[in-house]
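# Quick one, what's the 3D model for this:
(chains A and B)
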Amino acid sequence: MSFEWEWFPKLAEGLPLTLQITFSCIAIGIVLGVLLALGRVYGPRFLRGICIVYIQFFRGTPLLVQLFIVYNGLPNLGITLTALQSGILALGLNTAAYQAEYFRGAIQAVRGGQMLAARSLGMSLPQAIRYAILPQAFRLVLPAWSNEFILMLKYSSIVFTVTLLDLMGKAKRLSARDSRSFEVFLVAALFYLVLVFVATMLLRLLENRVRIPGLGAPSQHR
Amino acid sequence: MLLRVEDIHKQYGKDKVLCGVSFTMNKGETKVIIGPSGTGKSTLLRCINRLTPADQGRVWLDDEELTHTRTNINKIRAEIGFVFQSFNLFAHLTALGNVRIGPMKVKRMNKKDATTLAMEELERVGLSDKAGAYPAELSGGQQQRVSIARALAMFPKLILFDEPTSALDPELIGEVLEVMVSLAKEGMTMLVVTHEMGFARAVADEIIFMENGVIVEQGPPKQMFTNAKHQRTGEFLNKISELYGETG
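So this is what the prediction gives:
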């Protein structure tokens, strides 16, 4: 077994793309996920139905299939996206479904009296959601949401299948060139490990930063 | 006349909770609603500000019919304070944050003015030193006083109290009642569901006795305690007075 120092800078070239895809799809996932969760909890029946179908579809089918539908399938309908756009869109739509379920759980975990109190002050339903429910739901959801963030960081590696040169794409190319798959992918794994470690630390920091006495689970990290 | 409640009916499934309740309140009055649990007292309060929609019947506040579908209920709710049995303070906000959020978000007051106002209201319930504390860091009695301050900061025409001391440890009830008594004496219009007969005796202009979804009897405390027209009223008042340590 032998390693080449040259692999490290070469793999590092894929890092920005990995991070760009992760952050972009997470951002899509938050916005769409919150909307889906609100639709499921507060929406009229037909809207709830639409949200449930969406969530079931994206949680019930493989991410890789979803990516291929977007990248290879959509052009048949006349919608052609670049590989990067396809990767971000597919991952974003997918994580939105998972995040929606986490947000829904958190919204429903906020005590019922909070909504009543907000409405009794004269807040409209959207105001009550924005000022009373969501600030609490966001804190409650953080632990589950942190897991989802880390999953997406790792799942972003599937975009190599649509020719993108992210961390995984770079590793694939190096292993083909040097014919030392074991070592190259081991180094790639190390890169992901460090990324996940740093992300975990930052998310814990965030959790502690926004913690409020009496709200949410006690710290699970010590 | 500030509040007029007319023939309110409410049914949950087959369970008739309110079967035609009517009464009125003048500005500055304090009325206390008593009655066995499950009689619809809390439901009645919630029907008044439409937190629970009534099946039938109408409610007017200052000649505006708030049961009318065209009425902007949010605007009217802002004029009716509501104090809950379980406080329902916003868990993510400090005492100060809880009191100023109504003026800021509903009345669009700027943060500086809302903060000044909120501090005054906290002072009024004796909690200005707890402005920075979160609900979980306050005792039940303190939480309930903050929730009264939260209602007061909206300058309500009327405050509805739904068993405000029932969730409190006995030694914390006094501090909440004290605040309510002083509000009543300052001329706040208050409709209070409670078993605290001492409070009723001290400040109520009228006691309303409800049972099985209807008003059995209403009258000034003196008359109700000593000279109730209905046997049930007398029995209930005696039982409550015994339970809560209030004697004739």
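# got the contact list for A:L11?
Shown in contact with A:L11 (Cβ atoms under 8 Å, 6 or more residues apart in numbering or on different chains): A:167, A:170-171, A:174, A:187-188, A:191. For glycine as for every other residue, the C-beta is placed from the backbone atoms N, C-alpha and C.
# biggest helix in the chain, by residue count?
With no chain named, the answer covers chain A. With residue count as the measure and DSSP state H as the assignment, chain A has helix A:181-210 as its longest helix.
# hmm, I had chain B in mind actually
In chain B, with assignment by DSSP H, the single longest helix is helix B:170-185.
# Which SSE is immediately downstream of it?
strand B:190-193 (DSSP states H and E).
# Neighbouring strands - and their directions - for that next one?
When pairs are called by DSSP bridges, strand B:190-193 turns out to pair with strand B:30-34 (parallel), strand B:158-162 (parallel).
# Chain B against chain A: which residues are in contact?
Within chain B, the positions lying close to chain A (Cβ under 8 Å from any Cβ of the partner chain) are B:49, B:51, B:74-82, B:84, B:86-92, B:101-102, B:105-106, B:134-137, B:147, B:150, B:154.
# Give me the subset of these lying in strands.
When DSSP state E is applied, the residues of chain B next to chain A are split such that B:80-82 fall in strands.
# most neighbours, which of these?
For these, neighbours were counted by other Cβ atoms under 10 Å in any protein chain shown; the highest total belongs to B:G81, with 28 neighbours.
# which residues touch the helix or strand in which A:F46 is found?
For A:F46, the element it lies in under DSSP H and E is helix A:45-60. The set of residues external to helix A:45-60 that reach it, using Cβ under 8 Å, 6+ apart, is A:36-37, A:39-40, A:43, A:66, A:93-94, A:96-98, A:100-101.
# My guess is A:S156 contacts A:D166. True?
Yes - taking Cβ atoms under 8 Å as the contact criterion, A:S156 and A:D166 are neighbours in contact, 6.4 Å apart.
# Between these two, which contacts overlap?
With contacts defined as Cβ under 8 Å, 6+ apart, the residues adjacent to both A:S156 and A:D166 are A:18, A:21.
# Could I get the buried residue list for stretch A:164-180?
A:164-175, A:180 (16 or more other Cβ atoms under 10 Å in any protein chain shown).
# ok, now how distant is B:K41 from A:G73?
Between B:K41 and A:G73 the distance, using Cβ to Cβ, to the nearest Å, works out to 61 Å.
# Of those two, give the one with the bigger neighbour count.
B:K41 (24 against 14).
# show me what contacts the closest residue to the more buried one other than its chain neighbours?
The spatial neighbour of B:K41 that comes closest, neighbours along the chain excluded (Cβ to Cβ, 6 or more residues apart in numbering or on different chains), is B:V193 at 4.4 Å. When contacts are counted by Cβ under 8 Å, 6+ apart, B:V193 is found next to B:32-34, B:41-42, B:44-45, B:161-163.
# mind redoing it with 10 Å?
For B:V193, the contact set (Cβ atoms under 10 Å, 6 or more residues apart in numbering or on different chains) comprises B:31-35, B:39, B:41-42, B:44-45, B:85, B:160-164, B:166, B:208, B:210.
# Only the buried subset of those, as a ChimeraX command please.
To isolate the buried members of those in ChimeraX, using 16+ other Cβ under 10 Å:
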select /B:31,32,33,34,35,39,41,42,44,45,85,160,161,162,163,164,208,210
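# Not counting its neighbours along the chain, what's nearest the residue of chain B at minimum distance from chain A?
Across chain B, the shortest distance to chain A (Cβ to the nearest Cβ) belongs to B:A136, at 2.3 Å. Distances taken as Cβ to Cβ, 6+ apart place A:G214 nearest to B:A136, at 2.3 Å, with adjacent residues excluded.
# On the three-state scheme, the one you found is what?
Three-state assignment for A:G214 (DSSP: H, G, I helix; E, B strand; the rest coil): coil.
# ok, it - how many residues close by?
Residue crowding around A:G214 was assessed by other Cβ under 10 Å; the count is 12.
# give me phi/psi at it?
phi 80, psi 0 (degrees, to the nearest 10).
# mean confidence score for the longest helix of chain B?
Per-region confidence: helix B:170-185 scores 94 on mean pLDDT.
# Check the offset of it from the chain's centre.
With Cα atoms, centre = their mean, to the nearest Å as the basis, the distance from the averaged C-alpha position of helix B:170-185 to the chain average is 13 Å.
# export that helix as CSV, just CAs?
Taking C-alpha atoms only, helix B:170-185 is exported to CSV below (Å, rounded to 0.1, in the frame of the first residue of the first chain):
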residue,chain,number,x,y,z
PRO,B,170,-51.4,27.0,47.0
GLU,B,171,-48.6,29.3,48.2
LEU,B,172,-48.4,31.0,44.8
ILE,B,173,-52.1,31.7,44.4
GLY,B,174,-52.0,34.8,46.6
GLU,B,175,-49.6,36.8,44.4
VAL,B,176,-51.7,36.3,41.3
LEU,B,177,-55.0,37.1,43.1
GLU,B,178,-53.4,40.3,44.5
VAL,B,179,-52.6,41.5,41.0
MET,B,180,-56.2,40.7,39.9
VAL,B,181,-57.7,42.4,42.8
SER,B,182,-55.8,45.6,42.1
LEU,B,183,-56.7,45.5,38.4
ALA,B,184,-60.4,45.2,39.4
LYS,B,185,-60.0,48.1,41.7
